[in-house]
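*Asks:* the sequence and its predicted three-dimensional model are supplied below.
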Amino acid sequence: MTASSEPGAFLPKAERRGLGRILADVLAKPARDPFALAGLSIYLVFVLVALFADQFATHDPLQILFQPNGRLARNLPPGETYWLGTTHSGRDIYSQLVYGARAALIVGVTAAMVVVAIGTLIGLLSGYFGGWVDAVLMRVADTALSIPFLPFVIVLTAFLKPSVWNVVLAVAILLWPNTARVIRSQVLTIRERGYVEAARVTGAGHGRILFVHVAPNILPLSFLYGSIAIGWAILTEAAVSFLGFGDPRTVSWGYMLQDAFTSQALSRGSWHWFVPPGLCIVVVVVAGFFLTRGYEEVLFPKLRD
Amino acid sequence: MAFLGRRLLHSLFVLWAVVTILFLMFRLMPGNPLAAYINETMTEDQQEAMLRQFGLDRPLWEQYLIYIGNLLSGELGLSFHQRKPVWDILMAAFPNSIVLTVTGLSLAYVFGVVVGAFLAWKRGTWIEGIGVPLVLTTRAAPEFWVGMLLLAVFSFGLGWFPAGGANSAGAFYDSELERFLSLDFLRHLTLPALTLALYLQGLPLLLMRSTMLEVMHEDFVTMARMKGLSEWRIVIRHAARNALLPVVTAFALGLGLAMGGNVVVETVFSWPGLGRLLVGAVSSSDYPLAQGAFLLISGVFVVMNLVADLAYTALDPRVSHDRVK
Amino acid sequence: MDVLAVEGLKVDYRTPRGAIHAVDGASFTVGAGQVVGLVGESGCGKTTVARAVTGVYPRNASIVGGKIRFLGQDLLALDAAAYRALRWRGFAFVPQSAMNSLDPVYRVGDQLAEVLTERGGLGAADAARRASELFELVGLSPTRLVDYPHQFSGGMRQRAAIALALALNPKLVIADEPVTALDVIIQRQVLDVIRELQRRLGLSMILVTHDISVVAYVCDRVVVMYAGQVVESGSAAAVLARPFHPYTMGLNNAFPDLQSSAGLLVPIEGAPPDLAAPPGGCRFAPRCPFVQERCRAECPPLVPLAEGQSSACWRATEAETLRAKSRDPKTWLRS
């Protein structure tokens, strides 16, 4: 007897428990996995600093500072007033670092949301409807993946004004095909399950089946891919800013590194200037990797040895 | 054969899509539609010539056909700033980019495959406990920052390597080949290639490790043990050889990273390649050059994707030999 | 001397839920030129016993008791190098699924040659000659040596696996469900190959199977396992004709005869016990239609009965009556 022929197959308990158990595992994970715990702690600190950047900062990050004797406070080493010293144009490095967290958070979260939205929607449509819809969408995804990513972003900025949205757009263009593919294959398996079949038999519309029966089951997967996107977004923002195509009014870690690089911080040996922003990027992105790595095991137990 | 045909067709389709997107971007952008090829600093005659060559006074669909025709004959226009044919400028930079990419990519894949297999073999030991987070950390490091650190230490600090460029000023060589083989060039190549390799090694390494772990559980590996084959033979000839297949597929992904990484690394090390050319052209609104550089980078990308696919086919007999019933 | 003697073998699997006693005190012997069938349902420990002999088993398995003697030599006392030296030359293995057991990226002939040169010490030319010989032996055309595993049919792959096992003239061949993955007609063909080669070469074999009709077709002796223990053993003909253990009687009803397709198939209802915490008395008691009070309390020992046939059942003396009842399908119906 197939599941679809039983009336009781409509949304059986096991399916609901599947999602519930996954969520329970997601919450319990950091307690058991030291890497996930470290990742989560770093994220917490990062979000706090980003939200309360104005409290943590000692100066306005873009203000040009002067010493008591009236001279420009440029290229100062770390000290009591300027914890990490000052830049070539006389700005406080520590405060820039703190505000950089805010920029990173904004870019990371927005990009992740866009990736999840586009990737999930296309994956759902492609997997659920199949046929020519699937063929067209997946061909578009293939093509998007066949275009060199960063060069494309750079050409794009030739037309769009430098801004943080270029980065969001770029990350979305890069990552949606991967997300959509994974979601699609997940939808393909869910589509065949008894309760979806049952919903179809009882005359539920496509929209209802998609969003009520299929979508909730792939949500954890979407979130996983979204959180991976946060790290890539921060890295991409840094690269774009470093190349000089970032938003000049936003202090980001990439902007700081560009500033340091073009102001000869390397030859001057201003380690206090060009090391901290890079370290911040590494720490935040690695935290995301550790966190998602742990969750990948929760969502795909097969990966576990 | 059918596979090869389909794959070639797909590559052509992607190239066509890139070319078309670019055409539309340049023609439909706000402001003067002629700006893609003509700017005010050109002489009247030059402007006139461009107008005719690219049919900029014709309807859009005609412009499109002329544009495709020009591309097929390698005609990309004149650079606004260097006042030279874009094609010549690209061809001067192209070899440098290829040498850098190939060196970085080869280093990354050799290192990644070997270390990935090693980490899989050391599963459950402290080596793996340290190794995997370390690799994740290198993946999280922005490659331009890694380049900056290498520059600060080995160039400005220790003075072992030059700070940028591909050759010392005033150096002259009879041929490109001689230039690439010179010690001076290698000294310039070392830091950028290392930076690129460090950026790229994470993907093949982690992939190799995880597929190795999967393959080590396969029945044929168990059988190899039962046959009493040496551990070395089991790991290299059977497990690693099979684990290599997905890694080769991922080569295409690695290429995407390499092309992006190239742009940034070339900028940090002032490496005279396509990526730096692209960044410079976009910064200075040199549209013909930007367009040309992007097209060439995309072309290389598509071709290398194709090569990676064909390599996979060659490595997996299940794909290359049709089933005999 | 026996080729193989397994004495009181105990194998545990470590799991998150605690140790699973997959094999719990199994003993049997394989004489020279004998084919011993190791039979039972999946999860009864028969494959674990076979793998224990090869010394290649999953990471979480460990041998916690007993002895395995191969030609008088205690295998468990050997160091890794000496054990490895015995593999394939002393005993070879025919896997259940040759599809997954052949390396997909090498030609079948090259995989034969690998064993012949690496383990048999043959030169390339000799190895090629021997590979052709082996292929002919199992009824495959030597022209197929240059093919990849995926180009073979299931039956051909299984033949190739047999050729591979015979490559170095092993003293013992261990075949783990060698025909299970095949359809019935091909099963018969491959079993014929095994039977014919066994007779021609005088092979000593362990044949692991869940299908008692396969035992009847190929084996000289049979060892019936249930829940990690041997419940009955003896000559194949005797055990199948006059089983003393209700489990063997049940298995007899549960499989079609390979030679004649007559007869009604009656499954044994229920499932084997949880081996992390097996029942105290006879392990078959919860499923046994002839269960008595004593069966649930005490575990019956394996005792010799007739003509080298042993059984572990408290009611062995009533076997005649039970056998008659066991032929009635209603006996096996629950509730």
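*Replies:* Good, I have the coordinates.

*Asks:* and chain B, split by domain according to the record?
*Replies:* As assigned by automatic domain parsing, chain B contains the domains B:2-72, B:89-324.

*Asks:* mind checking those domains for the one nearest to C:Val223?
*Replies:* Closest to C:Val223 of those, according to C-beta to C-beta: domain B:89-324, at 21.3 Å. The C-beta positions use only the backbone N, C-alpha and C, and glycine is treated the same way.

*Asks:* which ones are touching the one residue in the stretch 101-250 of chain A that gets nearest to chain B?
*Replies:* Taking C-beta to the nearest C-beta, chain B has its nearest neighbour within the stretch 101-250 of chain A at A:Leu150, 3.3 Å off. A:Leu150 makes contact with A:Ala170, A:Thr236, A:Ala239, A:Val240, B:Met259, B:Gly260, B:Gly261, B:Val263, B:Val264, according to C-beta atoms under 8 Å, 6 or more residues apart in numbering or on different chains.

*Asks:* ok so, going back, give me whichever of the domains of chain B is most buried.
*Replies:* Greatest average neighbour count among the domains of chain B goes to domain B:89-324 (a mean of 19), per mean count of other C-beta atoms under 10 Å in any protein chain shown.

*Asks:* check whether it contacts chain C.
*Replies:* Yes: looking at domain B:89-324 against chain C by C-beta under 8 Å from any C-beta of the partner chain, the contacts come from B:218-220, B:222-230, B:233, B:237-238, B:241-242, B:245, B:315-318, B:321, B:323-324.

*Asks:* can you give me the mean pLDDT across that domain?
*Replies:* For domain B:89-324, mean pLDDT is 83.

*Asks:* ok, stretch A:89-108 next?
*Replies:* pLDDT averaged over stretch A:89-108 gives 84.

*Asks:* low pLDDT regions in the chain?
*Replies:* This is for chain A. Along chain A, segments meeting pLDDT under 70 span A:1-32, A:82, A:157-158, A:194, A:294-305.

*Asks:* chain C is the one I meant
*Replies:* Scanning chain C for pLDDT under 70 picks out C:256-264, C:334-335.

*Asks:* so which residues of it form helices?
*Replies:* Assigned by DSSP state H, chain C shows helices spanning C:46-54, C:80-86, C:98-101, C:108-118, C:124-137, C:154-166, C:184-201, C:212-218, C:236-241, C:246-254, C:293-297, C:319-326.

*Asks:* quick one, which of those helices is nearest to chain A?
*Replies:* Among those, the nearest to chain A by C-beta to the nearest C-beta is helix C:98-101 (16.9 Å).

*Asks:* which strands and helices lie in contact with the closest one?
*Replies:* Counting contacts by 3 or more C-beta pairs under 8 Å, 6 or more residues apart in numbering or on different chains; DSSP states H and E, helix C:98-101 packs against helix B:219-226, helix C:154-166.

*Asks:* present those as CSV; the columns should include distance to C:Glu293.
*Replies:* Output for those, formatted as CSV (distance: least, C-beta to C-beta, whole Å):
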stretch, distance to C:Glu293
helix B:219-226, 45
helix C:154-166, 47
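
*Asks:* so who does the residue most central in space within chain A touch?
*Replies:* Residue closest to the average C-alpha location in chain A (C-alpha atoms, centre = their mean): A:Ile230, at 1.3 Å. Under the criterion of C-beta under 8 Å, 6+ apart, the neighbours of A:Ile230 are A:Gly108, A:Val109, A:Ala111, A:Ala112, A:Gly288.

*Asks:* do C:Arg130 as well
*Replies:* C:Leu112, C:Leu116, C:Gly120, C:Leu122, C:Ala167.

*Asks:* B:Leu78: how many residues sit nearby?
*Replies:* Using other C-beta atoms under 10 Å in any protein chain shown, B:Leu78 has 23 other residues around it.

*Asks:* go ahead and confirm it touches B:Gln47.
*Replies:* No: checked against C-beta atoms under 8 Å, the pair B:Leu78 and B:Gln47 is beyond contact range at 10.4 Å.
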